[in-house]
Structure formats: C-alpha cells, structure tokens
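K.L.:
whatever this is, show me its structure:
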Amino acid sequence: MANLPTGFWSGWIIVLTLFSLAMLAWLAFSIYFGADAKIDPESEPVWDNDLREGNTAPPMWWFWLLLGGMVFSLIYLMLYPGLGSYTGLLNWSQESRLVASYENFEQNFEEIRADIAATSLVELQSNPDLMQVAERIFTRECAACHGPEGRGQASLFPNLMDIDWQWGSSPEQIEQTIRGGRSANMLAWGSILGEQSVNEIADYILLLGESGAESHSGKTQYEQNCSACHGMDGAGNPLLGAPNLGDDIWLYGGDINTVRASIGSGRNAIMPAFEGWLDDTQISLLIAMLAR
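P.N.:
Residues are numbered from 1 along each chain as shown. Next comes the predicted model:
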C-alpha cells in the first residue's frame, strides 16, 4: 500500500469522490422527487398550439439503478482502497494478493523445485518435459538477446548452440556466466599501434593455422600485443574471456574490415547477472539445456 497517495492529494481525492457521489444523489432525487418533478399542465408552456415542453421524469427503474450503483460504490469504498490513503476495512491490495500467491506457490511446489535443482544434468537432459520448461525459461529470459533458438543475432550476441564459448562451455562455466554475468573488454589498439600495425595484425589473425602465417609481418606484432590474452596460437583463454581467433566462429564478424575495426576500436560487451532474478531450479534447467 506504499504507493497510495498521502497528504494533500489523499484529501483531495476523498473530497472529490464524496462530493461527486453527493451531487449525483442530489441530482437523482431532485429529478424524481423534487418540487419541480411535476408541473401543473395548466401552467406548462405551450408553443405553436400543441407543442409542450414536457417534464416527465425518466422511468423509475432508472432511479433504482442509480441508487443501487451509489450504494454499491459506498460499500466498495468502505471495504477497498479508493478514498486517498484509506486502505479499506478489508485492507486489500494488489501487492498483498501477489505476495500471497507467491507464498502459496512456494508452499505447493517448493519440494518439487528443490528436487529439480538437485537433479544431475544428465537426468535433466533426459527428461523431455523438463527440457520444454527450460526452453520456455530461455524464451522468456534469454531469447531477446540470443535469439529464439539461441544462435545469436545482430553480430552482437553470441551463439549459444555451439561449443565455442568465450568464457567456457562447461556446466560450471555456464553457471558462473548466468549467475554472475560477464563483462568483456577488448582494448582499442588503434591509437597505440597505429593503422599499419592494426592492419598487419588483422591480416595475420585471418591466416592463423595456414602455411603463410609464420612468415607474415604481423606475427611479431601479434605476439607482442595480443598473445598475452589470446595465446601464441590464437586459441584464446576462457578465464579472461579472450575468444579463440583460430577458428571460423566470430561474434562481430570475421571479414578483414570487421577484424580491423575490432582491433583498432576495441569491443565492449556486458552479460547481465541473473543471480537473484532466476532461482536455482531455473538456472539448473538452463544449464542442462545449454550444456547439451
């Protein structure tokens, strides 16, 4: 109930609501039972010989309908929030109802969810029903970035369906990624090395594993500036979040211009932490789905 208006606005709502009900009641009673409810036909204005003004009140069932609506409104305002900060005799709120629903859910399913969280990944992966639940969790929590099938999108969000994970694809590494999030930072080397060196390194990276790489002019530059994170052979380092540069899997694109842009301007990416947002059961199901 913390979001109910207080002070001046609470009083203003109370006055406005009660005044509106009082005016509606006065209007209804004055129309049906007021002094002017009936006018003597002899004094009733007449135009063009037979055109009378008329003052017949609406049908009585309209009055009873209005009266019933006003009585219902008063009872409602007495029982439920509606008059400023007054919480009503029942002290009802959407927040309390939501909390009660969560508590009821926890009571009914706490044991089942604990069993799922303690189940091995192999057993979870062999259960089609639980894997369907995992897919629904993924669709709700992860698909906006990684795509509905988890294959990445927009050259910004990685493919989760392959085994080449920047921070490692083991169940333990995936759990750490989901729970704690990740923050990747590729330095911008353009201002440090210059355009020519950046171009040479990019050319060398695209030749990794091929016969001409050993004699390439960018090899020395790579070993001096890049190997500390990505390794001498470009295989990467999951502990640092340094991706493998020797395969054909590229997050931002593997063409020469994109690789040059990655080296020269750097890259920054954040994977949010889902610890506290997802519970242990949901995280276990996601790990089972992604570590298959």
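K.L.:
now do the contacts for residue 171.
P.N.:
Counting by CB atoms under 8 Å, 6 or more residues apart in numbering, residue 171 makes contact with 121, 287, 291. C-betas here are computed from N, CA, C, even on glycine.
K.L.:
excluding its backbone neighbours, what's nearest the last one?
P.N.:
The spatially closest residue to residue 291, leaving aside those adjacent along the chain, is residue 171, at 4.6 Å (CB to CB, 6 or more residues apart in numbering).
K.L.:
and that neighbour, how far is that from residue 182?
P.N.:
16 Å (CB to CB, to the nearest Å).
K.L.:
again, but for residue 129
P.N.:
Distance from residue 129 to residue 182, counting by CB to CB: 30 Å.
K.L.:
so between the two, which is more surrounded?
P.N.:
residue 182 (15 against 7; other CB atoms under 10 Å).
K.L.:
please name the nearest non-neighbouring residue to that one.
P.N.:
In space, and not counting its chain neighbours, residue 182 is closest to residue 271: 4.0 Å by CB to CB, 6+ apart.
K.L.:
now for the one you found: which residues touch it?
P.N.:
Residue 271 neighbours (CB under 8 Å, 6+ apart): 177, 181-184.
K.L.:
neighbours around residue 69, how many?
P.N.:
Around residue 69 there are 13 residues (other CB under 10 Å).
K.L.:
what's the pLDDT at it?
P.N.:
Per-residue confidence (pLDDT) for residue 69: 93.
K.L.:
with the one 10 residues further on instead?
P.N.:
Residue-level confidence at residue 79 comes out at 92, pLDDT.
K.L.:
same check, this time on the one 4 residues further on
P.N.:
You'll see residue 83 listed with a pLDDT of 86.
K.L.:
residue 69 versus the nearest residue to it once chain neighbours are set aside, what's the distance?
P.N.:
Residue nearest to residue 83 in three dimensions, not counting chain neighbours: residue 14, with 4.7 Å by CB to CB, 6+ apart. Remark: distance between residue 14 and residue 69 (CB to CB) = 20 Å.
K.L.:
now do residue 292
P.N.:
60 Å.
K.L.:
which secondary element of this structure has the worst mean pLDDT?
P.N.:
Among the helices and strands of the chain, strand 51-52 carries the lowest confidence by mean pLDDT, DSSP states H and E, at a mean of 69.
K.L.:
so what touches stretch 77-85?
P.N.:
For stretch 77-85, contacts defined as CB under 8 Å, 6+ apart pick out 1, 4-6, 9-14, 17-18, 76, 87-90, 92-93.
K.L.:
please convert the buried members of those into PyMOL selection syntax.
P.N.:
To isolate the buried members of the contacts of stretch 77-85 in PyMOL, using 16 or more other CB atoms under 10 Å:
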select buried, resi 13+14+87+88+93
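K.L.:
not counting whichever strand or helix holds residue 96 itself, show me its contacts.
P.N.:
Taking DSSP states H and E as the definition, residue 96 sits inside helix 94-118. Helix 94-118 is contacted from outside by 1, 124, 130, 279-281, 284-285, using CB under 8 Å, 6+ apart.
K.L.:
just the buried residues of those residues.
P.N.:
The buried subset of those - by 16+ other CB under 10 Å - is 124, 130, 281, 284-285.
K.L.:
now, which of the residues you listed lie within helices?
P.N.:
124, 130, 281, 284-285 (DSSP state H).
K.L.:
now, among those, which is nearest to residue 150?
P.N.:
residue 285 (13.8 Å; CB to CB).
K.L.:
tell me the domain ranges of the chain?
P.N.:
7-92, 107-181+273-290, 183-271 (automatic domain parsing).
K.L.:
what's the average pLDDT for the last one?
P.N.:
This points to domain 183-271. If you average the pLDDT values across domain 183-271, you get 93.
K.L.:
any idea how many residues pack against the closest residue to residue 73 other than its chain neighbours?
P.N.:
Excluding the flanking residues, the one nearest residue 73 by CB to CB, 6+ apart is residue 21, at 6.4 Å. Using other CB under 10 Å, residue 21 has 15 neighbouring residues.
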